[in-house]
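Colleague: Here's a sequence, model it:
(one chain, ligands or ions: 3)
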Amino acid sequence: MTSVTATAYAAPAGSTPLERTTIPRRDLREHDVLIEIAYSGICHSDIHQVREEWGPARFPMVPGHEIAGVVTATGPGVSRYAVGDRVGVGCFVDSCRECVNCLAGEEQYCLRGETPTYNGVANDGEPTLGGYSTHIVVDENYVLRIPEGLGLDVAAPLLCAGITLYSPLVNWGAGPGKKVAVIGMGGLGHMGVKIAHALGAEVTVLSQSLRKQDDAVKFGADHYHATSDPQTFKDLAGTFDLIINTVSANLDVDAYLGLLTLDGTLVFVGVPDSPDAFRAFSLIGSRRSLAGSKIGGIRQTQEMLDFCAEHGFGAEVEVISPDEINAAYDRVTASDVRYRFVIDIAQLRD
Ligand code: NAP
Ligand code: ZN
Ligand code: ZN
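Modeller: Numbers count the residues shown, from 1 in each chain. Ligands and ions are numbered 1, 2, ... in the order given. The predicted structure follows:
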């Protein structure tokens with residue numbers, strides 16, 4: 001069967017700059033597809049893991065779980081995809097397929113642990129290596145179809161940033177008559193604004209400054225407030241049915257809980273590296289909930305891709321060449337990204 005040596009960008013060790021290298025991709029098994037990657041998004045989670053902010057990681061690490069490309073070969077048993085299909089791969093490439101969560105289509109909550117696209121170990125014991133590479137081999141059951149009309153560059157970030165916001169927005173009922181706020185307008189947050197608006201909710205952005213206000217309005221925000229202004233928390237007390245927190249730093253959780261209505265929910269999707277604190281009174285006073293949400297299952301990820309295509313939007317991207325990855329990491333950590341860096345993987349094939 002087809003076996004491929006891919007060109008990739010890898011971090012040789014924790015917190016080291018990424019550099020060009022080659023990696024093997026496995027021979028195609030019965031249900032595998034070989035994907036020639038066109039674009040790979042840079043998620044803040046890539047940076048957390050390269051810098052070992054979530055604990056010890058596996059190196060060399062090829063990050064990347066926002067993958068868009070084209071199928072170039074298929075295993076003998078593949079029925080869902082054919083050569084030439086436009087496809088995507090998100091944050092996981094396998095799961096047990098048997099537990100109650102896998103059977104419910106919530107593979108991201110697999111009770112035996114889903115196989116992450118990188119910084120993990122596959123069932124065959126081999127380390128998983130992600131999308132900053134020219135090719136990847138993935139079981140067809142963990143591959144998504146990218147609808148016609150969505151460019152592969154603007155589709156790539158949907159595979160993590162898009163689904164990470166779509167899932168809680170749908171789960172907590174964002175729609176007409178609901179007031180939704182998004183904290184932080186980076187890669188995840190800007191997708192939250194677009195998706196919540198398309199779902200029909202009234203959308204507010206809570207950003208550190210007023211710098212991104214014009215963009216937020218273009219993405220569909222109805223309101224925009226700077227969290228650096230203490231007046232924001234007074235003016236908006238008790239306002240929102242749902243707040244999604246995309247920030248990877250510790251926030252004043254009580255202050256944000258105070259912005260929820262009776263029965264409102266604050267959902268964490270951002271992952272600070274140290275624990276947050278809050279007072280029970282902030283929940284009890286208005287029967288509020290504090291929750292978390294992790295990406296989305298395969299079925300819902302396909303639903304999200306189709307939803308974005310129907311509504312005619314992808315991510316706002318800044319396409320970079322592979323040799324700009326390290327500089328892009330610094331810009332993401334400085335909140336200087338509008339709104340997702342996407343690596344032009346074709347340049348790795350030169
Ligand atoms: P990002 O592009 O860096 O966006 C984060 C945004 O948070 C920034 O653009 C900034 O927006 C705001 N922010 C940054 N530092 C802040 C601070 N000190 N105080 C207040 N706000 C701050 O990152 P991302 O790729 O969207 O990822 C966000 C987080 O979600 C990361 O922790 C990532 O690991 C996590 N994540 C979780 C999941 C999941 O399944 N739950 C999936 C993917 C990623 P403003 O300039 O507008 O304030
Ligand atoms: Zn991600
Ligand atoms: Zn499972």
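Colleague: Would you mind naming what in the stretch 101-250 of the chain lies close to ligand 2?
Modeller: Cys160 (CB under 5 Å from the ion). (C-beta placed from N, C-alpha, C; glycine too.)
Colleague: where do the strands sit along the stretch 101-250 of the chain?
Modeller: 115-116, 135-139, 144-145, 179-183, 202-207, 223-226, 240-245 (DSSP state E, counting those that start in this stretch).
Colleague: Which one of those strands lies nearest to Ile325?
Modeller: Ile325 sits nearest to strand 135-139 of all the strands of the stretch 101-250 of the chain, at 17.0 Å, using CB to CB.
Colleague: So Gln49 sits against Asn119, correct?
Modeller: Yes - the criterion here is CB atoms under 8 Å, and Gln49 meets it with Asn119 at 5.1 Å.
Colleague: shared neighbours, the two?
Modeller: Residues touching both Gln49 and Asn119 by CB atoms under 8 Å, 6 or more residues apart in numbering: Ala57, Met61, Pro63.
Colleague: out of the residues you listed, who's nearest ligand 1?
Modeller: Pro63 (11.5 Å; CB to the nearest ligand atom).
Colleague: re earlier: winner for burial among the strands of the stretch 101-250 of the chain?
Modeller: strand 179-183 (a mean of 26; mean count of other CB atoms under 10 Å).
Colleague: Show me what it packs onto, helices and strands only.
Modeller: helix 187-198, strand 202-207, strand 240-245 (3 or more CB pairs under 8 Å, 6 or more residues apart in numbering; DSSP states H and E).
Colleague: For the stretch 151-300 of the chain, give the residue positioned nearest to ligand 1.
Modeller: Gly186 (1.9 Å).
Colleague: Tell me who's in contact with that residue.
Modeller: His44, Thr246, Val332, Ser335, Val337, Tyr339.
Colleague: If you rank the shared contacts of Gln49 and Asn119 by neighbours, which is first?
Modeller: Most neighbours among those, by other CB atoms under 10 Å: Pro63, with 30 neighbours.
Colleague: residue contacts, that one?
Modeller: Ala11, Leu18, Ile42, Cys43, Asp46, Gln49, Val50, Tyr118, Asn119, Gly130, Gly131, Tyr132.
Colleague: show me what contacts the second one?
Modeller: So that's Leu18. Counting by CB under 8 Å, 6+ apart, Leu18 makes contact with Tyr9, Ala10, Ala11, Val50, Pro63, Tyr132, Ile325, Asn326.
Colleague: try Asp229
Modeller: Contacts here follow CB under 8 Å, 6+ apart; on that basis Asp229 touches nothing.
Colleague: doesn't Asp254 fall inside a helix?
Modeller: Yes - assignment of Asp254 by DSSP: H, G, I helix; E, B strand; the rest coil places it within a helix.
Colleague: how much space between the residue of the stretch 151-300 of the chain closest to ligand 1 and Glu316?
Modeller: Using CB to CB, to the nearest Å, we find Gly186 at a distance of 11 Å from Glu316.
Colleague: what is in contact with these two at once?
Modeller: Contacts common to Gly186 and Glu316, judged by CB under 8 Å, 6+ apart, are Tyr339.
Colleague: Around ligand 3, which positions in the stretch 101-250 of the chain sit nearby?
Modeller: Within the stretch 101-250 of the chain, the positions adjacent to ligand 3 are Cys102, Cys110 by CB under 5 Å from the ion.
Colleague: Flag every residue of the stretch 101-250 of the chain that's near ligand 1.
Modeller: 160-161, 164, 184-189, 207-208, 212, 246-249 (CB under 6 Å from any ligand atom).
Colleague: Asp85: which of the shared contacts of Gln49 and Asn119 is nearest?
Modeller: Closest to Asp85, out of all of the shared contacts of Gln49 and Asn119 and judged by CB to CB, is Pro63, at 24.5 Å.
Colleague: Tell me the secondary structure at that closest one.
Modeller: coil.
Colleague: quick one: it from Ile37, how far?
Modeller: Where Ile37 is concerned, Pro63 sits at a distance of 13 Å (CB to CB).
Colleague: Now the common contact residues for those two.
Modeller: Gly131.
Colleague: can you point me to the longest helix in this structure?
Modeller: Longest helix in the chain, counting residues (DSSP state H): helix 298-311.
Colleague: Hey, what's the angle from it to helix 187-198? Just curious.
Modeller: Helix 298-311 runs at 60 degrees relative to helix 187-198, counting by axes from the mean of the first three to the mean of the last three CA atoms, to 10 degrees.
Colleague: average pLDDT for helix 298-311?
Modeller: Helix 298-311 carries an average pLDDT of 98.
Colleague: Mind giving me the packing neighbours of the helix or strand following it?
Modeller: Next along the chain after helix 298-311, taking DSSP states H and E as the criterion, comes strand 317-320. Contacts defined by 3+ CB pairs under 8 Å, 6+ apart place strand 317-320 against helix 152-155, strand 340-344.
Colleague: any idea how far Pro168 is from the residue in the stretch 151-300 of the chain positioned nearest to ligand 3?
Modeller: Proximity of the stretch 151-300 of the chain to ligand 3 (CB to the ion) peaks at Gly297, 10.6 Å away. Look at Gly297 and Pro168: by CB to CB, they are 13 Å apart.
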